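In: 3D model of this:
(2 chains)
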Amino acid sequence: ETGVTQTPRHLVMGMTNKKSLKCEQHLGHNAMYWYKQSAKKPLELMFVYNFKEQTENNSVPSRFSPECPNSSHLFLHLHTLQPEDSALYLCASSQGGRAEQYFGPGTRLTVT
Amino acid sequence: QKEVEQNSGPLSVPEGAIASLNCTYSDRGSQSFFWYRQYSGKSPELIMSIYSNGDKEDGRFTAQLNKASQYVSLLIRDSQPSDSATYLCAVNRKDTGRRALTFGSGTRLQVQP
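Out: Residues are numbered from 1 along each chain as shown, chains lettered A, B, ... in the order given. Here you go, the predicted structure:
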């Protein structure tokens, strides 16, 4: 595996379900990010982790719960989502000291 | 005022022409500037980065930065149909310790064969 991988690529869940998104980076980076991309809107930053520590939470509702067990893995735990949470969820990573971010393929989430 | 502004397009150019994509930003302290390309249904792909005033060329792509005017642009020479995508401008301000990028909404480019 190379680059940034995300699983699953597509997810359909009901509002009462609990699911998790997984991201793994194989670039040796130490910072990881979750972004949300909705139709017709700019990419919205959700969370930033640097060396496993959360450094930014962009006022994200508590129904989204991130987890970063190490610098290579990032999870987004989902529960009691709303239909408006349907979007493309993108994971990215970067190397310390550099601003360039590299994105995974994303998870297309549909909440029914 | 949006932090990063782009014309949503679509910008339509004929094959072989120069496509010019523009971006303005509001934070005068911004230090790093990026262009990402995003094909429909795919994730953003980094294609150019620029940090100092002037031009930076990479193959058919040229990024131009003017910090005084808070303006960054991307020129695509000899445009190909495969360049048809949405181009996202992103900026970063490192002195705050903040690592995140701020993105514009993107400009959709259509290259007509």
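
In: measure A:Glu67 to A:His77 for me?
Out: To A:His77, A:Glu67 is 6 Å away according to C-beta to C-beta, to the nearest Å. Placement of C-beta: from N, CA and C, glycine included.

In: now the spatially most central residue of chain A: closest residue in space, sequence neighbours ignored.
Out: What sits nearest the mean C-alpha location of chain A, by C-alpha atoms, centre = their mean, is A:Trp34, with 3.2 Å. Distances taken as C-beta to C-beta, 6 or more residues apart in numbering or on different chains place A:Met46 nearest to A:Trp34, at 4.2 Å, with adjacent residues excluded.

In: elements contacting the helix or strand hosting that neighbour?
Out: A:Met46 is located in strand A:44-50, with elements delineated by DSSP states H and E. When contacts are defined as 3 or more C-beta pairs under 8 Å, 6 or more residues apart in numbering or on different chains; DSSP states H and E, strand A:44-50 packs onto strand A:31-37, strand A:53-57, strand A:64-70, strand A:73-79.

In: C-alpha coordinates for the last one, CSV please?
Out: Once side chains and other backbone atoms are set aside, the C-alpha atoms of strand A:73-79 remain, and they are given as CSV (Å, rounded to 0.1, in the frame of the first residue of the first chain):
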residue,chain,number,x,y,z
HIS,A,73,-3.7,5.5,11.8
LEU,A,74,-6.8,7.8,12.2
PHE,A,75,-10.4,6.8,12.8
LEU,A,76,-13.6,8.7,12.8
HIS,A,77,-16.3,7.1,14.9
LEU,A,78,-19.9,7.9,13.8
HIS,A,79,-23.1,7.6,15.8
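
In: the next helix or strand after that strand pairs with which strands, parallel or anti?
Out: Later in the chain than strand A:73-79, the nearest helix or strand by DSSP H and E is strand A:87-94. Sheet pairing for strand A:87-94, assigned by DSSP bridges, gives strand A:31-37 (antiparallel), strand A:102-103 (antiparallel), strand A:107-111 (antiparallel).

In: strand A:87-94 to strand A:44-50, inter-axis angle?
Out: Angle, strand A:87-94 to strand A:44-50, by axes from the mean of the first three to the mean of the last three C-alpha atoms, to 10 degrees: 30 degrees.

In: list the contacts of strand A:87-94.
Out: Contacts to strand A:87-94, defined as C-beta atoms under 8 Å, 6 or more residues apart in numbering or on different chains, come from residues A:4, A:6, A:21, A:23, A:25, A:27, A:29, A:31-39, A:43, A:74, A:76, A:100-104, A:106-109, B:43-44, B:99.

In: how about the residues of chain A near chain B?
Out: Within reach of chain B by C-beta under 8 Å from any C-beta of the partner chain, chain A has these residues: A:31, A:33, A:40-43, A:45, A:48, A:50, A:55-56, A:58, A:88, A:90, A:94, A:99-106.

In: list buried residues within these.
Out: Listed as buried from these are A:31, A:33, A:42-43, A:45, A:48, A:50, A:88, A:90, A:94, A:99-106; burial here means 16 or more other C-beta atoms under 10 Å in any protein chain shown.

In: that'll do, ta.
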